[in-house]
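Undergrad: Have a look; sequence and predicted model below, questions after that.
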Amino acid sequence: MSESAPVLLHNEHYPTSTSVDAFRHRIALVQQRIDQACLRNGRASGDVRLLVVSKTFGTDRIRLAYQAGCRLLGENKVQEAERKYEELHEELPDLQWSVIGHLQSNKAKSVARFAAEFQALDKLKTAETLDRRLQIEGRSLDVFVQVNTSGEASKFGLPPEEVHDFVRALPQFSALRVKGFMTLALMDADPERVRPCFVLLRQLRDQIRNDIGHAQDMCELSMGMSGDYEIAIEEGATVVRVGQAIFGARSTPNNYYWPEAQLETP
Ligand SMILES: *Cc1c(COP(=O)(O)O)cnc(C)c1O
């Protein structure tokens, strides 16, 4: 099967995948780079999970990604994820969703119903609502604590100095299986400005596992995207979240996902 020409021209690094073969090819390329980054750093390639991010892309393209082997897809916005879940869950019952963006507590009910994973926990109120809804559904959920490692006001996530206390409060929410930590690095072309964000998350994980008895199982580090996942792997990532390098360039600007101002009042 031949690939059609990329539709979006403003970002030539990320050609648009419009066939199952194109998805297979791009996934294999990213996986190869993951494996090589692991090798270079003395890690087993199975240490790092590739989470393919499908935000902004329609269900027609998602079906192609599914045929190419994707069974868990990342989405930043709850409403968008839920709409895709509703459209696809009967047709593709084994396709699961990981919510990787900020969750307002009034949307926790929805996440408790359809999500397989939630990577952006940063408020106790959200943890509480999520836990209550999960108990009602009779489910539990894998969660990651999101940390703001870049210090930018526009990013969600807990300030690093608040993470210890936050983690100490989590065992009361028995439906949450707390797997580890997630972060978004600085958006910068210079890897040496990006790397410190990943280092900070790894150090924080190590300290917390050392300091807090119940945090022993919080091993996971979800960090790295299309532009920086190899650096993240060098610094210990166990999950990388990759969208554009597999689906193709997005036309939606990043500040739609990481707004300038926090939308929610505390
Ligand atoms: C969109 C997004 C990604 C993936 O970004 P790409 O540039 O498409 O690889 C990763 N993490 C989060 C939280 C996102 O919203």
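TA: Structure's in. What do you need? Numbers count the residues shown, from 1 in each chain.
Undergrad: how deep is the residue of the chain found nearest the ligand tucked in, by neighbour count?
TA: Distances between the chain and the ligand by CB to the nearest ligand atom are smallest at residue 243, namely 2.5 Å. Where you see a C-beta, it was placed from the backbone N, CA and C, and this is true even at glycine. Residue 243 is flanked by 24 other residues according to other CB atoms under 10 Å.
Undergrad: That one: what's it in contact with?
TA: With contact taken as CB atoms under 8 Å, 6 or more residues apart in numbering, residue 243 is in contact with 52, 53, 54, 55, 74, 225, 226, 250.
Undergrad: How about the contacts made by the third one?
TA: This means residue 54. 61, 62, 65, 73, 74, 75, 84, 243, 247.
Undergrad: What about these, which are in strands?
TA: 73, 74, 75 (DSSP state E).
Undergrad: What is the burial count for the first one?
TA: Read that as residue 73. Count around residue 73 with other CB under 10 Å applied: 26.
Undergrad: Spit out the contact partners of it.
TA: By CB under 8 Å, 6+ apart, the neighbours of residue 73 are 51, 52, 53, 54, 62, 65, 95, 96, 97, 98.
Undergrad: can you check the second one too?
TA: Contacts were defined as CB under 8 Å, 6+ apart; by that measure residue 74 touches 51, 52, 53, 54, 55, 97, 98, 99, 100, 119, 241, 243.
Undergrad: close enough to count as contact, residue 220 and residue 236?
TA: No - using CB atoms under 8 Å as the test, residue 220 is too far from residue 236 to be in contact (10.1 Å).
Undergrad: all strands in the protein, in order from the N-terminus.
TA: 49-53, 72-75, 96-99, 117-121, 141-147, 176-183, 220-222, 239-242.
Undergrad: Work out the gap between the longest one and the centre of the chain.
TA: So the one you mean is strand 176-183. 11 Å (CA atoms, centre = their mean, to the nearest Å).
Undergrad: show me where the stretch 101-250 of the chain has helices.
TA: 108-114, 124-137, 163-168, 191-211, 229-234, 244-247 (DSSP state H, counting those that start in this stretch).
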